[in-house]
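Trainee: what shape does this take:
(2 chains)
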Amino acid sequence: MQQKRDLSQEYTNRVLLNGTLETPKWWAPTVAGLGFVVLIGLIIIATMINRGLGLTGLSRPVYWGLFITTFVFWVGISHAGIMISAILRLTQAEWRRPVTRAAELLTVCSLFTALVFPLIHAGRPWRIAYWILPYDISRGIYPNIRSPLIMDPVAISTYLTGSTLFLYIALLPDLGVLRDRTTGWKNAFYTLLALGWKGNPRQWQMQTIGGILLSALMLPIFVSVHSIVSWDFAVASAVEGWHSTIFAPYFVIGAVHSGVSAVVTMMALMRWLWKWDDFIRPEHFDALARLLIVVATGWLACTFLELIFALYGQDAPEIALREMQIFQWPWNLLFIIFMVTGYIIPVPVWCVKKYRNNIAIMFWTSILVNVGMWLERFLIIVPGLARRTPFVFTWEAYRPSPVEWAIMIWSFAWVSLLMLLFSRFFPLVPLFEQKESQVFTDDIQIGRAKVPAIVREVE
Amino acid sequence: MTTDVEKFGTRNWGMIADLDKCTGCQACVLACQAENNIPINTQDRVERARSISWIRVERYWEGDFPDTKARFIPIMCQHCENAPCEPVCPVYASYHNSEGLNVQVYNRCVGTRYCANACPYIVRFFNYWDPVWPESLRNHLNPDVTIRSRGIMEKCSFCIQRINRTSRKAKSEGRELEDGEIQTACSAACGTHGIVFGDLNDPDSRVSKLKNNKRAFTLLEQFGTDPNVIYLAKVDPHKKGSEEGHH
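Mentor: Numbering: from 1, shown residues only, chains lettered A, B, ... in the order given. Below is the predicted model of the structure:
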């Protein structure tokens, strides 16, 4: 169970700003390495735009492949932020505090990356202004609002705006701290960003209200973003593997599964890299693992429901598709890896308290979950298109080209690079949240257990 | 301002493909390639499953060995009244015009390929590369048909250039269009007159009459796409209940 820990404010400031006021030794080489990968990735993307989508492995029935899989994957990861900072904030789960910022940052970076994929995936990316921007006066045609591809950018940019605001509002008190501890251009930089934060009661009140309001406003986005992403597939009535009514909740819960796992991965990395052992503690992993057991099981139920809904109709093409997806080479191997990494290994491990409190085990199981969740999206998108239609003309498989793999690897390097750059200028663990929990939290006795609870002053 | 009805009339273009007359000779495929400036399907493109063929003749086998029979069915864009490709296009590149055609506006297309995923007939094609023709064929291109650049979708247009040309001619001569006056490239090329093109809204047209034939069926009816291409089933004299024999 969580224990109340007494950490002095001075200690909190010193340790949590160790990545910001000084540069960790590993930081520069890591950033340089990631920067190199990102640069190569950008060159490959530029080449692909210049030469054309012929460089991918896409073909006639399989018009969408690795790019859309990776797009859905990153949108899924982005659900970390909203789950941790909005839902857990509104439900006043105290253990969320050290991870709120990292989760929100992950949301912003992964959404930003996800948005790239549909754009570079278009045949004529230089014309996407027609598609994304709502008004195009010269044509006199409004974009087709019935298309999920219009709802996508709307939902994702709303989410991105909300998350960025959320991240920024939560950053204000810490920017004030940094401003007071820096000199020269850094001081000017933080002064500008801190918006005159003095820490007076009125500012605190507004900051808190702003945070709670944003949490509440973002709750609908929690449901809408991945539902809309799922409709990219679910509206295609002629594609057996895609046209399923369970897709919206299925995608949302899958997104939470992968997003929260990604937060676990990040927490372990933060604990190891910045030595924040006093702030990111085993009990946080324990709490997240319990949440994940519930989410993962809900997600598994949806996975089976999807299959059952598909088979219930006794529709021959649908049954044939499912057979291909699960039993036929090479999908069967991917399906087994997907089930094993997505559920069969992690969840029983999380059920053991000793393992839940073991950082290394939590790190590796959370990585496994995301391998599985990536495969899940791949197994929905590609077999759906590569299905054996009544027309023999179109029976083709899909083999992703090196260009597609490279751009997928680029996306991982890019997200990591963005987050590392952020960590150099802003603290990844919110100082004020940490201190606030010190002030507010007290252990109360419930039965035999000591439970940390919020003790707020009554006005 | 003229309304669409005044401007275009109330036509609903449709096509009948009589499978009983189809010999699988592929003349329609060739005529379509020539008429519509379809790029040459090189070996590489065919192997990568990126060949473009607005109309194709599918061959399938019917019956058990040794009584197997080769059957053919020409498949082109079905110009569905309720087309799955239309609502998914974010930029209205795929839309339904007032003459019942499902048209593809190349200038609007950004190449999301969503329409191709949505189409159950797999008759939409993406230009993965720029089209190339050998030098000797450059002067053979049809000037009435846009050459599609890399990155956009294309598909059968029911030879809209021929529809427009013939309609303009009739209008300039101050007369109504006659049934059968418009021939698509495939219907003109069909040696057995198995493909008939015409106005489904005109009750006296050949297509309207053939549509009511008891052999008539549409492809993949379960999707509710309401195609404007109607097939007439193969008549098999050796088989009882010969109205069967399609997908």
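Trainee: what about chain B, any weak spots by pLDDT?
Mentor: Along chain B, the model assigns pLDDT under 70 to residues B:1-9, B:238-247.
Trainee: most proximal residue of chain B with respect to chain A?
Mentor: Closest to chain A within chain B is B:Gly111: 1.8 Å, counting by Cβ to the nearest Cβ. Yep, even glycine has a C-beta here, placed from its N, CA and C like the rest.
Trainee: need the contact list for that residue.
Mentor: Shown in contact with B:Gly111 (Cβ atoms under 8 Å, 6 or more residues apart in numbering or on different chains): A:53, A:122-124, B:126, B:151-153.
Trainee: can you redo those as CSV with neighbour count and distance to A:Tyr250?
Mentor: Below are the contacts of B:Gly111 laid out as CSV (neighbours: other Cβ atoms under 10 Å in any protein chain shown; distance: Cβ to Cβ, whole Å):
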residue, neighbour count, distance to A:Tyr250
A:Leu53, 26, 29
A:Ala122, 24, 26
A:Gly123, 20, 29
A:Arg124, 20, 32
B:Phe126, 25, 29
B:Gly151, 24, 32
B:Ile152, 24, 33
B:Met153, 26, 29
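Trainee: now these as JSON lines including distance to B:Thr23 and secondary structure?
Mentor: Putting the contacts of B:Gly111 into JSON lines (distance: Cβ to Cβ, whole Å; DSSP: H, G, I helix; E, B strand; the rest coil) gives the following:
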{"residue": "A:Leu53", "distance to B:Thr23": "37", "secondary structure": "helix"}
{"residue": "A:Ala122", "distance to B:Thr23": "41", "secondary structure": "coil"}
{"residue": "A:Gly123", "distance to B:Thr23": "37", "secondary structure": "coil"}
{"residue": "A:Arg124", "distance to B:Thr23": "40", "secondary structure": "coil"}
{"residue": "B:Phe126", "distance to B:Thr23": "31", "secondary structure": "strand"}
{"residue": "B:Gly151", "distance to B:Thr23": "37", "secondary structure": "coil"}
{"residue": "B:Ile152", "distance to B:Thr23": "34", "secondary structure": "coil"}
{"residue": "B:Met153", "distance to B:Thr23": "31", "secondary structure": "strand"}
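Trainee: low-confidence ranges in the stretch 51-200 of chain A?
Mentor: Those would be A:130-139, if you go by pLDDT under 70 across the stretch 51-200 of chain A.
Trainee: now do the contacts for whichever residue of the stretch 251-400 of chain A sits closest to chain B.
Mentor: Closest approach of the stretch 251-400 of chain A to chain B (Cβ to the nearest Cβ) occurs at A:Glu396, with a separation of 3.9 Å. Listed by Cβ under 8 Å, 6+ apart, the contact set of A:Glu396 reads A:59-62, A:386, B:49.
Trainee: redo that, cut-off 6 Å
Mentor: By Cβ atoms under 6 Å, 6 or more residues apart in numbering or on different chains, the contact set of A:Glu396 is A:59, A:61, B:49.
Trainee: what of A:Ser366?
Mentor: A:261, A:264-265.
Trainee: apply 7 Å and report the result again.
Mentor: By Cβ atoms under 7 Å, 6 or more residues apart in numbering or on different chains, the contact set of A:Ser366 is A:261-262, A:264-265.
Trainee: among the residues you listed, which one has the most neighbours?
Mentor: Within those, most neighbours by other Cβ atoms under 10 Å in any protein chain shown means A:Ser261, with 30 neighbours.
Trainee: any idea how far A:Leu292 is from A:Trp299?
Mentor: Counting by Cβ to Cβ, to the nearest Å, the gap from A:Trp299 to A:Leu292 is 10 Å.
Trainee: re the thing from before, sec struct for the residue of the stretch 251-400 of chain A closest to chain B, please.
Mentor: Three-state call for A:Glu396 (DSSP: H, G, I helix; E, B strand; the rest coil): coil.
Trainee: I'd guessed A:Phe426 sits against A:Leu171; true?
Mentor: Yes - counting by Cβ atoms under 7 Å, A:Leu171 is a contact partner of A:Phe426 at 6.1 Å.
Trainee: quick check, the residue of chain B closest to chain A in a strand?
Mentor: No - assessed with three-state DSSP, B:Gly111 is coil; it does not lie in a strand.
Trainee: phi, psi for it please.
Mentor: phi 80, psi 40 (degrees, to the nearest 10).
Trainee: how close does the residue nearest to it when sequence neighbours are not counted sit to B:Glu58?
Mentor: Nearest in space to B:Gly111, with sequence neighbours left out and distances taken as Cβ to Cβ, 6 or more residues apart in numbering or on different chains, is A:Gly123 at 1.8 Å. Here the criterion is Cβ to Cβ. By it, A:Gly123 lies 26 Å from B:Glu58.
Trainee: next: B:Pro131.
Mentor: For B:Pro131, the distance to B:Glu58 - Cβ to Cβ - is 24 Å.
Trainee: what parts of chain A come near chain B?
Mentor: A:52-54, A:59-61, A:63-64, A:122-124, A:127-128, A:130-131, A:141, A:143-144, A:146-147, A:149-150, A:235-239, A:385, A:389-394, A:396 (Cβ under 7 Å from any Cβ of the partner chain).
Trainee: only whichever of the residues you listed are buried, select them in ChimeraX.
Mentor: ChimeraX command restricting these to the buried ones, with burial defined by 16 or more other Cβ atoms under 10 Å in any protein chain shown:
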select /A:52,53,54,59,60,61,63,64,122,123,124,127,128,130,131,143,144,147,149,150,235,236,238,239,385,389,390,391,393,394
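Trainee: what parts of chain B come near chain A?
Mentor: Counting by Cβ under 7 Å from any Cβ, chain B comes close to chain A at B:48-50, B:56, B:58, B:60, B:75, B:84, B:87-92, B:108, B:110-114, B:116-120, B:122, B:126, B:128-129, B:150-152, B:223, B:247.
Trainee: thinking again about what came up before, spell out which residues are contacts of both of A:Trp299 and A:Leu292.
Mentor: The overlap between the contact sets of A:Trp299 and A:Leu292 (Cβ under 7 Å, 6+ apart) is empty.
Trainee: pull out the buried residues from stretch A:252-259.
Mentor: Using 16+ other Cβ under 10 Å as the test for burial, stretch A:252-259 gives A:252-259.
Trainee: list the contacts of the lengthiest helix in chain B.
Mentor: The residue-count maximum for a helix in chain B (DSSP state H) belongs to helix B:160-172. Helix B:160-172 is contacted by residues B:13, B:101, B:103, B:144-145, B:176-177, B:181-184 when judged by Cβ under 7 Å, 6+ apart.
Trainee: give me the distance from the helix or strand just after it to the chain's centre.
Mentor: On the C-terminal side of helix B:160-172, the closest following helix or strand by DSSP states H and E is helix B:185-189. The chain centre lies 11 Å from the centre of helix B:185-189; the measure is Cα atoms, centre = their mean, to the nearest Å.
Trainee: show me what counts as buried in stretch A:19-38.
Mentor: Result for stretch A:19-38 [16+ other Cβ under 10 Å]: buried residues A:19-20, A:27, A:31, A:34, A:37-38.
Trainee: just the strands in the chain please.
Mentor: All of this refers to chain A. Under the criterion DSSP state E, chain A contains strands at A:441-446, A:449-454.
Trainee: wrong one, chain B
Mentor: Counting by DSSP E, chain B has strands at residues B:13-18, B:56-62, B:69-75, B:94-96, B:102-104, B:125-126, B:153-154, B:195-199, B:216-217, B:229-232.
Trainee: neighbouring strands - and their directions - for the fourth one?
Mentor: Pointing back at strand B:94-96 there. Next to strand B:94-96 in the sheet, as set by DSSP bridges, lie strand B:102-104 (antiparallel).
Trainee: ok, residues contacting the strand it pairs with?
Mentor: For strand B:102-104, using Cβ under 7 Å, 6+ apart, the contacting residues are B:77, B:79-80, B:83, B:86, B:93-97, B:153-155, B:157, B:160.
Trainee: if we use 8 Å, what do you get?
Mentor: Contacts for strand B:102-104 (Cβ under 8 Å, 6+ apart): B:77, B:79-80, B:83, B:85-86, B:93-97, B:124, B:153-155, B:157, B:160.
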